[in-house]
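A.B. asks: My questions are about this predicted structure, shown below with the sequence.
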Amino acid sequence: MGGFRTRAGRIGAVPAAWARALRVRWRSWSRWRKSLATALVALAVVVVPIGSAALALRLQYVGDPSPEARTRGRDAVWLGHAWVDGRKGDADIAALARRLAGTGIRDLYVHTGPLEHDGSLPTSVHPRARWFTEEAHRALPGIRVQSWLGDEVKPEKDALDLEDAPTRDRVTASARQVLDLGFDGVHFDMEPIRPGSKGWLALLDQVRPVTAERGTRLSVAVPQIDPLPYQHNVAIAFTDHGKWWDQAYFAETARRVDQVAVMTYDSSMPTESLYGGYNAYQTELALEATPEDVDLLMGLPFYWEDKWGHWGRAETVTAGIRGIRLGLGRYDLDRQNFGVGLYVDFAATEQNWTDYRRHWVR
């Protein structure tokens with residue numbers, strides 16, 4: 001035992017000697033050299049975690065997607081306001097039917113709002129909604145037409161206050177209003193809802209019985225899930241913007257609806273491989289949090305932008321689909337209540353549609 005203590009003492013003395021030597025060397029350095037060393041250490045503290053995260057996402061993109069990771073015929077596309085305000089006509093309906101033939105599209109999210117900040121919905125904003133539901137049901141049998149309602153949300157925006165009960169009552173009345181026009185469901189896209197909002201969950205609890213009574217669907221568009229623990233807290237603290245949800249709050253939402261569509265675009269990923277890996281990871285996180293009987297749709301960017309939050313060269317339909325297929329194959333290949341959501345029809349290119357058909361529908 002005495003020998004052991006002697007050896008342990010010698011071993012423990014080594015780090016102490018190193019520390020003394022470093023202190024001596026540090027004191028001998030000039031102020032400029034100390035500043036440079038401090039800056040390099042600070043840079044390493046930032047770069048190493050970011051580099052590790054980038055490597056992890058890149059590895060998510062490695063491998064071959066399963067041949068079975070294809071459309072289940074439960075995809076959706078967001079349609080712009082022109083379909084209900086008079087800008088579209090019979091010829092456009094016919095063209096839409098041709099466009100969707102042979103795809104996996106089952107749901108149309110048709111922009112019928114926006115809601116007023118008090119939750120109400122003026123009929124003047126969708127004068128042709130009844131025409132569209134009737135013509136779409138005639139030309140596209142088997143496809144569900146959902147009313148896309150949304151608005152910006154407090155506290156980040158001076159707009160809809162979901163923590164206010166009378167506001168939620170008016171939103172519920174707006175849901176009834178669009179169902180009376182022949183829509184097959186209500187699709188909420190309210191942003192940015194911060195995780196932990198009790199008002200959002202209360203609204204879903206209030207509207208779900210309304211859609212269920214009509215035999216229609218309640219669907220929601222939701223943010224991405226924290227790629228790192230508590231990332232939403234960090235983002236809100238530094239930018240006052242809630243971009244992500246924690247997985248637990250995502251699950252709370254998913255349990256209250258029939259369909260959840262994840263807005264997996266505007267990811268800030270700078271390359272296709274990182275965006276694809278990010279989509280693979282988001283798909284796994286969302287599959288884990290979504291009940292089996294709820295439709296889960298992963299969003300795809302059918303538009304082009306080139307800015308900090310959305311690099312057009314990176315966020316491609318091809319990379320997004322490959323990542324989604326990898327995530328589906330790794331986590332739950334047999335999940336049938338699964339699809340992709342295409343955002344948005346009025347910005348989509350022929351190449352977007354070609355890539356969707358080639359890589360997901362084929």
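C.D. replies: Done, it's in.
A.B. asks: ok, then the element right after the one helix or strand P209 maps to?
C.D. replies: Secondary structure assignment for P209, by DSSP states H and E: helix 198-214. Where DSSP H and E defines the elements, the next helix or strand beyond helix 198-214 is strand 217-222.
A.B. asks: contact partners of that following strand?
C.D. replies: Contact with strand 217-222 is made by 107, 109, 144, 146, 150, 184-189, 204, 207-208, 211-212, 245, 250, 253, 256-263, 295, 299, 341, as judged by C-beta atoms under 8 Å, 6 or more residues apart in numbering. (Each C-beta comes from the backbone N, C-alpha and C, glycine too.)
A.B. asks: Between strand 217-222 and the helix holding P209, find me the angle.
C.D. replies: Counting by axes from the mean of the first three to the mean of the last three C-alpha atoms, to 10 degrees, helix 198-214 lies at 150 degrees to strand 217-222.
A.B. asks: just to revisit the earlier point, just the buried residues from the contacts of strand 217-222, in ChimeraX please.
C.D. replies: Buried subset of those, written as a ChimeraX selection, criterion 16 or more other C-beta atoms under 10 Å:
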select :107,109,144,146,150,184,185,186,187,188,189,204,207,208,211,245,250,253,256,257,258,259,260,261,262,263,295,299,341
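A.B. asks: Just the ones of the contacts of strand 217-222 in helices?
C.D. replies: 204, 207-208, 211-212, 250, 253 (DSSP state H).
A.B. asks: now the most centrally placed residue in the chain: how far from Q282?
C.D. replies: Note on the chain: the residue nearest the mean C-alpha position is M263, at 2.6 Å, using C-alpha atoms, centre = their mean. Per C-beta to C-beta, to the nearest Å, M263 is found 10 Å from Q282.
A.B. asks: and if you look at L333?
C.D. replies: To Q282, L333 is 17 Å away according to C-beta to C-beta.
A.B. asks: more neighbours, these two?
C.D. replies: Remark: of L333 and Q282, Q282 carries more neighbours, 25 against 13, as counted by other C-beta atoms under 10 Å.
A.B. asks: list the contacts for the closest residue in space to the more buried one that isn't next to it in sequence?
C.D. replies: In space, and not counting its chain neighbours, Q282 is closest to T264: 5.2 Å by C-beta to C-beta, 6 or more residues apart in numbering. For T264, the contacting residues are 224, 278-279, 282-283, 298-300, 320, 324, by C-beta under 8 Å, 6+ apart.
A.B. asks: ok, the spatially closest residue to T71 that is not a sequence neighbour - how many residues close by?
C.D. replies: Nearest non-adjacent residue to T71, counting by C-beta to C-beta, 6+ apart: G104, 3.1 Å away. Here the number of neighbours of G104 (other C-beta under 10 Å) works out to 18.
A.B. asks: And G119, by the same measure?
C.D. replies: By other C-beta under 10 Å, 22 other residues sit near G119.
A.B. asks: Would you confirm that Y61 contacts R322?
C.D. replies: Yes. Contact criterion C-beta atoms under 8 Å: Y61 and R322 qualify, at 7.3 Å.
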